[in-house]
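[1] got a structure for you, letters missing:
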């Protein structure tokens, strides 16, 4: 009899814990990448090349071991802010992730590209004369007229507390910038 009551209490407790855990999951974003927030000046310092242009095409492929999927983005440069890329040049952006053969490899914070899209990119040189976007989504801005817009969905940002080493959640100050302001901030960053 004592074992039956204890078993019932344990079963009830297990059910309550499971229900609590499930209800918590409804309020927690399970599709977030945690990373350090980068201001325009941080992105500029980390980038070898910063340019604006249009996405010509995208192509996904497996690595040689067939364990990772990469996406190549062919990009027509319409303007430059920093580096050796020239206006009119076609460059290739390579990034981890994409869909190939019915398999999707994705993670929150990975920048998405679509054909015809006008973007501004903060990049570094890759291993094969290609480019890699700096700071994942932070290094890609969608161009709308004379403005650039950062899509930071799926990223939780952290920074150091001013008085110590503990990390705290940081909210992005702005996500929309005039292109002239960006050009000025980039050129004034050393």
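    Thanks, I have it. None of these values were measured; they are calculated from a predicted model.
[2] So what pairs up with residue 143 in the strands?
    In this entry, residue 143 is beta-bridged to residue 148, by DSSP bridges.
[3] Number the chain from 8, please
    Okay, residue one is now 8; in that scheme the one you just asked about reads as residue 150.
[4] surely it meets residue 123?
    No - between residue 150 and residue 123 no contact is recorded; they are 11.9 Å apart, counting by C-beta atoms under 8 Å. For glycine as for every other residue, the C-beta is placed from the backbone atoms N, C-alpha and C.
[5] Looking at these two, which has the bigger crowd around it?
    The residue with more neighbours, out of residue 150 and residue 123 and counting by other C-beta atoms under 10 Å, is residue 150; that gives 18 against 8.
[6] how close does residue 141 sit to residue 130?
    For residue 141, the distance to residue 130 equals 6 Å [C-beta to C-beta, to the nearest Å].
[7] just residue 162 next, same as before
    Distance from residue 162 to residue 130, counting by C-beta to C-beta: 18 Å.
[8] Point to the helix or strand of the protein where mean pLDDT is at its lowest.
    Taking mean pLDDT, DSSP states H and E as the measure, the chain has helix 9-34 as its least confident helix or strand, at a mean of 47.
[9] Tell me the residues that contact both of residue 141 and residue 130, please.
    Common contacts of residue 141 and residue 130, defined by C-beta atoms under 8 Å, 6 or more residues apart in numbering, comprise residue 54.
[10] Tell me which of the two has more neighbours.
    Between residue 141 and residue 130, counting by other C-beta under 10 Å, residue 130 is the more crowded of the two (25 against 22).
[11] does that one have beta-bridge partners, and which?
    Taking DSSP bridges, one finds residue 56, residue 140 as the beta-bridge partners of residue 130.
[12] Tell me the spacing between it and residue 147.
    From residue 130 to residue 147 the distance is 9 Å (C-beta to C-beta).
[13] intersection of neighbour lists for those two?
    By the contact definition C-beta under 8 Å, 6+ apart, residue 130 and residue 147 are jointly contacted by residue 140.
[14] low-confidence ranges in the chain?
    Low-confidence segments of the chain, defined by pLDDT under 70: 8-38, 168-171.
[15] got the domain boundaries for it?
    The chain resolves into domains spanning 8-37, 40-194 when parsed by automatic domain parsing.
[16] Comparing those, which comes out most buried?
    domain 40-194 (a mean of 15; mean count of other C-beta atoms under 10 Å).
[17] what about that domain, how long is it end to end?
    This stretch, domain 40-194, spans 30 Å end to end (C-alpha to C-alpha, to the nearest Å).
[18] what do you get for stretch 70-83?
    Taking C-alpha to C-alpha as the criterion, the two ends of stretch 70-83 lie 25 Å apart.
[19] Great, nothing more from me.
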